[in-house]
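In: When you get a sec, could you give me coordinates for this:
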Amino acid sequence: MDQDELEAEVARLRAENEALKENKNGLRLQVSAKGAVSLYGIRRFPITFYKEEWGTVLGMAEDIKSFIAEHESELTTKR
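Out: Model prediction:
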């Protein structure tokens with residue numbers, strides 16, 4: 001790499017770093033190598049589903065919230 005390419009790479013990495021810092025909740029989405037959607041920032045490894053699987057999970061949002069509310073006394077929290 002020549003000097004101009006190195007400077008461009010440093011600028012790109014700085015911009016990427018700033019974008020990550022601005023994400024206050026620490027969560028980010030990314031397209032995986034296999035074309036799925038990966039959610040980073042909840043666990044050590046990403047949570048990855050294909051788009052139709054995300055649709056299924058998101059479609060169950062109210063069911064999941066109700067289930068959590070009904071079983072609140074049985075559930076623990078990580079933090």
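In: need the strands for the protein, in chain order.
Out: Using DSSP state E, the strands of the chain run over residues 28-31, 37-40, 47-49.
In: Model confidence score at the closest residue to T48 other than its chain neighbours, please.
Out: Among residues not flanking T48 along the chain, S38 sits closest, at 4.3 Å (Cβ to Cβ, 6 or more residues apart in numbering). (Each C-beta comes from the backbone N, C-alpha and C, glycine too.) Note on S38: pLDDT of 97.
In: residue contacts, S38?
Out: Going by Cβ atoms under 8 Å, 6 or more residues apart in numbering, S38 touches 29-32, 46-48.
In: In a markdown table, list those residues along with neighbour count, distance to L6 and pLDDT.
Out: Output for the contacts of S38, formatted as a markdown table (neighbours: other Cβ atoms under 10 Å; distance: Cβ to Cβ, whole Å; pLDDT from 0 to 100):
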| residue | neighbour count | distance to L6 | pLDDT |
| --- | --- | --- | --- |
| L29 | 11 | 29 | 94 |
| Q30 | 12 | 25 | 94 |
| V31 | 11 | 27 | 96 |
| S32 | 12 | 29 | 95 |
| P46 | 16 | 30 | 96 |
| I47 | 13 | 35 | 97 |
| T48 | 16 | 33 | 98 |
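In: where does the chain have low pLDDT?
Out: 20, 23-24, 79 (pLDDT under 70).
In: the helices in it, which residues?
Out: Ranges of helices in the chain, per DSSP state H, are 3-22, 51-59, 61-70.
In: Distance to T76 and mean neighbour count added to these, as a markdown table?
Out: Shown next, in a markdown table, are the helices of the chain (distance: least, Cβ to Cβ, whole Å; neighbours: other Cβ atoms under 10 Å):
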| stretch | distance to T76 | mean neighbour count |
| --- | --- | --- |
| helix 3-22 | 29 | 10 |
| helix 51-59 | 21 | 11 |
| helix 61-70 | 12 | 10 |
